[in-house]
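> Starting from these lines, generate the structure:
(one chain, ligands or ions: 1)
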Amino acid sequence: MLTDTARQPKPGKAHRASERWRQELVDAVRSPTELIRRLELPEELVAPAERAARSFPLRAPKPYLARIRPGDPHDPLLRQVLPMDAELKTHPGYSADPLAEQGERSGSGVLQKYAGRSLLIATGGCAIHCRYCFRRCFPYNREAGWRTALDRLEAEGAPEEVVLSGGDPLLLDDQALDACLRRLANIEAVRRVRIHTRLPVVIPSRVTAALARHLGQTRLQTVIVVHANHPREIDPEVGSALARLRTVCSAVLNQSVLLRGVNDDPATLATLSERLFEVDVLPYYLHLLDPGAGAAHFDVDSQTGQAIWAELARSLPGYLVPRLAREEPGAAAKTVITPDAP
Ligand code: SF4
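Just a heads-up that it's a prediction; the model follows:
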């Protein structure tokens with residue numbers, strides 16, 4: 001289970017503007033009743049949301065909520081954060097560990113999924129709880145912290161690329177992140193660090209000047225992979241945060257999940273790609289849903305996904321077309337379902 005970001009140290013009243021993200025993290029909406037009232041939604045949504053939030057708590061930061069249309073229960077951004085009864089139904093093929101990540105190496109803080117890359121579990125918390133998340137049941141509390149995971153990489157040898165994942169690695173404060181980057185930079189074999197994060201999209205104030213400085217100072221090539229699923233997630237503040245990251249990183253990429261009721265149409269995905277490119281971010285992957293327990297109502301079947309992708313590829317230049325892919329347990333790499341865009 002994702003860990004509780006409320007345990008983050010709360011800034012004092014006189015917190016600096018650079019600490020605003022911490023306050024926004026703490027102030028995230030966690031009560032279904034508050035969410036539904038704040039967004040002027042029908043009261044009958046409260047009871048199912050309360051039921052579903054018992055197994056996977058609601059967490060929705062206010063900068064993200066501000067982009068949701070009040071009074072619209074079908075809003076595609078709302079759908080990503082609103083707990084629903086559908087999550088409580090079991091479905092064949094959907095499980096708590098859909099990618100078989102909780103195997104023998106579990107607990108070390110390092111996942112060795114693909115050759116040439118190590119994935120380091122930097123934190124077990126997230127700023128937002130996405131209802132389709134395949135790691136919603138991941139036993140983060142059993143994982144070693146990032147320092148211990150780094151001990152292991154230093155002792156056993158690290159590959160050329162280390163991926164910081166989680167949870168969300170940008171929940172580490174700037175000092176911790178800087179310490180982590182310095183230790184990685186001291187491992188001769190490591191050339192690149194990749195950071196998978198949704199924070200710049202859901203709490204853009206996280207992209208502080210200090211964060212940009214730390215990312216820009218390391219000898220490592222830095223790649224940021226953000227996660228946005230719908231063009232309305234990229235408001236002007238998010239756009240500025242992403243463009244700022246681009247000035248200090250080697251690349252900023254986006255991955256999306258193809259989600260029923262959120263972005264399962266070519267026009268929405270095309271607008272997302274265009275919007276990302278406006279702020280210097282390249283579309284990278286469009287993932288088919290991982291079959292995590294509680295997420296079946298988001299599924300778009302592979303055939304429909306391919307048809308959507310083909311239509312998307314017809315409407316955009318190739319560099320704006322993300323690769324359609326799925327992850328398969330034990331596979332040596334992601335399975336790209338369609339060849340490169342024409
Ligand atoms: S999808 Fe990413 S940001 Fe969302 S809850 Fe899962 S790990 Fe956190």
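> so residue 214 sits right up against residue 177, yeah?
Yes. At 5.9 Å, residue 214 counts as touching residue 177 under the criterion of C-beta atoms under 8 Å. C-beta: built from backbone N, CA, C; applies to glycine.
> and the protein, which of its residues are near the ligand?
2, 126, 128, 129, 130, 133, 135, 168, 198, 227 (C-beta under 6 Å from any ligand atom).
> Which of those residues are buried? Put it as a PyMOL command.
Buried members of these can be picked out in PyMOL with the line below, counting by 16 or more other C-beta atoms under 10 Å:
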select buried, resi 2+126+128+129+130+133+135+168+198+227
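> and stretch 305-325, which residues are buried?
Within stretch 305-325, the residues scored as buried using 16+ other C-beta under 10 Å are 305, 308, 309, 312, 313, 316, 320, 321, 322, 323, 324, 325.
> care to break the chain down by domain?
5-88, 110-336 (automatic domain parsing).
> Okay, strands next: where are they in this protein?
Taking DSSP state E as the test, the strands found in the chain are 110-111, 117-121, 161-165, 192-196, 221-227, 251-257, 282-287, 323-326, 335-336.
> and of these, who's closest to residue 202?
strand 221-227 (9.0 Å; C-beta to C-beta).
> quick one: strands adjacent to that closest one?
strand 192-196 (parallel), strand 251-257 (parallel) (DSSP bridges).
> State the mean pLDDT of the last one.
The average pLDDT within strand 251-257 is 98.
> can you pull the buried residues of it?
Buried, per 16+ other C-beta under 10 Å, within strand 251-257: 251, 252, 253, 254, 255, 256, 257.
> Considering only the stretch 151-300 of the chain, name the residue that lies closest to the ligand.
residue 198 (3.8 Å; C-beta to the nearest ligand atom).
> check contacts around that residue.
126, 127, 128, 130, 168, 226, 227 (C-beta atoms under 8 Å, 6 or more residues apart in numbering).
> okay, now the closest residue to residue 308 other than its chain neighbours: neighbour count?
Spatial nearest neighbour of residue 308, chain neighbours left out: residue 266 (5.5 Å); criterion: C-beta to C-beta, 6 or more residues apart in numbering. Applying other C-beta atoms under 10 Å, we find 18 residues neighbouring residue 266.
> Would you mind measuring from residue 266 to residue 76?
15 Å (C-beta to C-beta, to the nearest Å).
> same check, this time on residue 107
37 Å.
> Show me which of the two is the more surrounded one.
More crowded of residue 107 and residue 76, by other C-beta under 10 Å: residue 76, with 20 against 13.
> in this protein, which spans are helices?
20-26, 32-38, 46-55, 62-65, 76-79, 146-156, 174-185, 199-202, 209-217, 236-248, 266-278, 302-315 (DSSP state H).
> Contact partners for residue 48?
83, 84, 85 are the contacts of residue 48 under C-beta under 8 Å, 6+ apart.
> Not counting its neighbours along the chain, what's nearest the last one?
Of all residues not flanking residue 85 in the chain, residue 48 sits nearest, at 4.1 Å (C-beta to C-beta, 6+ apart).
> Please apply the same query to residue 265.
In space, residue 265 is closest to residue 308, 6.7 Å off (C-beta to C-beta, 6+ apart).
> same check, this time on residue 53
Using C-beta to C-beta, 6+ apart, the nearest residue to residue 53 is residue 83, at 4.3 Å.
> Quick check: phi and psi on that neighbour?
Dihedral angles of residue 83 (phi, psi; degrees, to the nearest 10) stand at phi -70, psi 140.
> Neighbours of it, how many?
24.
> That one and residue 107, how far apart?
The spacing between residue 83 and residue 107, counted by C-beta to C-beta, is 29 Å.
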